[in-house]
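Enquirer: need a structure here:
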Amino acid sequence: MERIWSIVDANWRLFRSLKLTVFLLITLAVGSAVGSFFPQLPQQPGLNLEQLQGHYAPWLWWLLGFFQIFDLFHSWWFSLAMVALTLNLWACSFPRLVDLIRDLRSPMREPPASAKLLKLSGLPAELEPQRLRLAELLGLPARWFNQDGVGLRFDRGRWGRPGFVMVHLGLSMILVAGAWSQLAGRDGSLVLEPGQQGEVFLASSSDGRMESVRLPFAVRCKDFYLEKYGAQAGSVRDYVSELEILEHGRLVSSRRVEVNQPLAFGGYHFYQTAFQRVPSRDVAWFQVEDSKGVRRVEAGAGDALAEDDRGVRYELERFSENFKGYGPAAKVSEDYPDGRKRSFWVIERHPGLVAAHRPGSLSLDMTRYKPGYATVLSVARDPATSWIWLGSTLMMMGLVLVFGLRHKALWLRSGPEGSTLYVWAHRGQGVFAAQIREKLVSAEVEEQA
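Expert: Residues are numbered from 1 along each chain as shown. Below is the predicted model:
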């Protein structure tokens, strides 16, 4: 039985050792580096395992599959290393946590054996004058030195000790939340045309195949448009989607979504990532002038524009975004009553061109052209985002406490042979003792072994 307990104790000491921590960190770092050299299928839509298999030898393909290299951050060994690192952190913290709780509940009344000893001379015999003199020599407020029944005690920075617990807790939260995010999070894309709504987006599975994921609500694209640099410039400055969220057919939220300004709703984030041309949604506005007067007509490809007094019907055939370098234009067909057909171009930047070159026909000018686009939204669901932020905040606060508040204490004890100052610090005790010696320049100081 004793041998079994010795084996358990040895393994426990190994599990809570710093060596294991370093090994796990190196494993995660190397794994992350290896993952950057291989395609990660969930992040590369359209790529799957079948397409990759032909590029590797059979034995290498088996090895890569066993370690799940193409989905490394969801792999069994990477997840195991994350769990082991989290448990290792708390195994290292628990013994110190017990001591910490004891020290916080009952401050040290007597100096520990590890404290540095400094012999002082020239101090008054009474405690109150000693307190004032020592505070003067060290340049510290006298109220920080308290009588403890035996002598004087100085104790500062005690509440910086829990900093390591906050660091470990924050790091553990980040690790657990990261694993949660990898398992429960989804990333995909949603393509919507203006006026269209969708409840399903496409996401990549672990083997690279695309699968449909249903949203618990509907997303409707009210409108989508491009913002360019100048009225006639071809360079796109921004692209914007006007989105609406519907639950059971009822509008519950709406937002203008553009690059770096996502819509967040129901645990999902919708990012404006791209757009697609949809020529079938091209539309233009025309000014038609005939015997009936002047009117404005909105039309798309295949729509009728007008009919003149001769019975000639004018129909919009198609658009050109940049017709021979002259800018947006529309091709219009003329259908005569006798069956003849002709066509001509109406250019947006040249009003009056049709009336000037086609006398006797109606006046037709294109006043505005709007190309049709569909918005491409990146959909992300990460249930652990708030926990990652909370863990990061805890870790940063813990680091501030660890490096900003150092627990240090002094004890002054007087006897027939003079006064002894005990110097102790939780970290950097030698440096703290050296600082105290430098300040005690007006007293005869002798360090004891």
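Enquirer: got the residue ranges for the strands in the stretch 151-300 of the chain?
Expert: Taking DSSP state E, counting those that start in this stretch as the criterion, the stretch 151-300 of the chain carries its strands at 152-156, 186-192, 197-204, 210-228, 236-247, 250-257, 263-265, 268-277, 283-290, 293-299.
Enquirer: mind putting those in JSON lines, distance to Phe70 and mean pLDDT included?
Expert: Quick note: C-beta positions are derived from backbone N, CA and C, even for glycine. Below are the strands of the stretch 151-300 of the chain laid out as JSON lines (distance: least, Cβ to Cβ, whole Å; pLDDT from 0 to 100):
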{"stretch": "strand 152-156", "distance to Phe70": "55", "mean pLDDT": "89"}
{"stretch": "strand 186-192", "distance to Phe70": "16", "mean pLDDT": "88"}
{"stretch": "strand 197-204", "distance to Phe70": "11", "mean pLDDT": "88"}
{"stretch": "strand 210-228", "distance to Phe70": "16", "mean pLDDT": "88"}
{"stretch": "strand 236-247", "distance to Phe70": "32", "mean pLDDT": "90"}
{"stretch": "strand 250-257", "distance to Phe70": "32", "mean pLDDT": "92"}
{"stretch": "strand 263-265", "distance to Phe70": "30", "mean pLDDT": "91"}
{"stretch": "strand 268-277", "distance to Phe70": "23", "mean pLDDT": "91"}
{"stretch": "strand 283-290", "distance to Phe70": "44", "mean pLDDT": "90"}
{"stretch": "strand 293-299", "distance to Phe70": "50", "mean pLDDT": "90"}
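Enquirer: let me have the ones you listed in a markdown table, adding mean neighbour count as columns.
Expert: Below are the strands of the stretch 151-300 of the chain laid out as a markdown table (neighbours: other Cβ atoms under 10 Å):
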| stretch | mean neighbour count |
| --- | --- |
| strand 152-156 | 19 |
| strand 186-192 | 18 |
| strand 197-204 | 17 |
| strand 210-228 | 15 |
| strand 236-247 | 17 |
| strand 250-257 | 14 |
| strand 263-265 | 17 |
| strand 268-277 | 17 |
| strand 283-290 | 18 |
| strand 293-299 | 12 |
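Enquirer: who touches stretch 92-105?
Expert: Arg16, Ser17, Leu18, Thr21, Arg158, Trp159, Arg161, Pro162, Phe164, Val165, His168 (Cβ atoms under 8 Å, 6 or more residues apart in numbering).
Enquirer: list the buried residues of it.
Expert: Neighbour-count burial for stretch 92-105 flags Cys92, Ser93, Leu100 (criterion: 16 or more other Cβ atoms under 10 Å).
Enquirer: per-residue pLDDT, Gly208?
Expert: We have a pLDDT of 58 for Gly208.
Enquirer: ugh, typo on my part, it should be Gln43
Expert: At Gln43, the model reports a pLDDT of 59.
Enquirer: quick one on the thing from earlier: between the buried residues of stretch 92-105, which is closest to Ala218?
Expert: Nearest to Ala218 among these is Ser93, at 46.8 Å by Cβ to Cβ.
Enquirer: how much space between the closest one and Arg16?
Expert: For Ser93, the distance to Arg16 (Cβ to Cβ, to the nearest Å) stands at 9 Å.
Enquirer: run the chain-centre distance for the helix or strand hosting Cys92.
Expert: Under the criterion of DSSP states H and E, Cys92 resides in helix 76-105. In terms of Cα atoms, centre = their mean, to the nearest Å, the centre of helix 76-105 is set 26 Å apart from its chain centre.
Enquirer: same question, stretch 225-245
Expert: 26 Å.
Enquirer: swap in stretch 152-172?
Expert: Distance, stretch centre to chain centre, for stretch 152-172: 29 Å (Cα atoms, centre = their mean).
Enquirer: also stretch 287-297?
Expert: Stretch 287-297 sits 55 Å away from the centroid of its parent chain (Cα atoms, centre = their mean).
Enquirer: also stretch 322-336?
Expert: Relative to its chain's centre, stretch 322-336 lies at 48 Å (Cα atoms, centre = their mean).
Enquirer: please apply the same query to stretch 344-363.
Expert: Chain-centre distance of stretch 344-363: 55 Å, with Cα atoms, centre = their mean.
Enquirer: let's have the chain start at 58 instead
Expert: Let's use 58 as the start, then, which means that last one is stretch 401-420.
Enquirer: what comes into contact with that stretch?
Expert: 289, 341, 343-347, 363, 365, 369, 371, 377, 380, 383-389, 391, 421-426.
Enquirer: let me see the mean pLDDT of that stretch.
Expert: Per-residue scores along stretch 401-420 average to 83.
Enquirer: report the secondary structure state of Gly122.
Expert: helix (DSSP: H, G, I helix; E, B strand; the rest coil).
Enquirer: confidence score at it?
Expert: Note for Gly122: predicted pLDDT of 85.
Enquirer: the one 10 residues further on too?
Expert: What the model reports for Ser132 is a pLDDT of 83.
Enquirer: for it, list the residues it contacts.
Expert: Neighbour list for Ser132: Phe124, Gln125, Ile126 [criterion: Cβ under 8 Å, 6+ apart].
Enquirer: ok, the spatially closest residue to the last one that is not a sequence neighbour - contacts?
Expert: I take that to be Ile126. Closest residue to Ile126 apart from its sequence neighbours, by Cβ to Cβ, 6 or more residues apart in numbering: Phe95 at 5.1 Å. For Phe95, the contacting residues are Leu121, Ile126, Phe127, Leu129, by Cβ under 8 Å, 6+ apart.
Enquirer: rewinding a little: tabulate the buried residues of stretch 149-162 in a markdown table, adding columns for distance to Val457 and pLDDT.
Expert: Below are the buried residues of stretch 149-162 laid out as a markdown table (distance: Cβ to Cβ, whole Å; pLDDT from 0 to 100):
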| residue | distance to Val457 | pLDDT |
| --- | --- | --- |
| Cys149 | 21 | 82 |
| Ser150 | 18 | 81 |
| Leu157 | 17 | 80 |
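Enquirer: run a quick neighbour tally on Asp66.
Expert: Asp66 has 10 neighbours, counted by other Cβ atoms under 10 Å.
Enquirer: ok so it is a strand residue?
Expert: No - looking at Asp66 with three-state DSSP, it is helix, so not inside a strand.
Enquirer: for the nearest residue to Gln204 once chain neighbours are set aside, give me phi and psi.
Expert: Among residues not flanking Gln204 along the chain, Leu184 sits closest, at 5.6 Å (Cβ to Cβ, 6+ apart). Backbone torsions of Leu184, given as degrees, to the nearest 10, read phi -70, psi -50.
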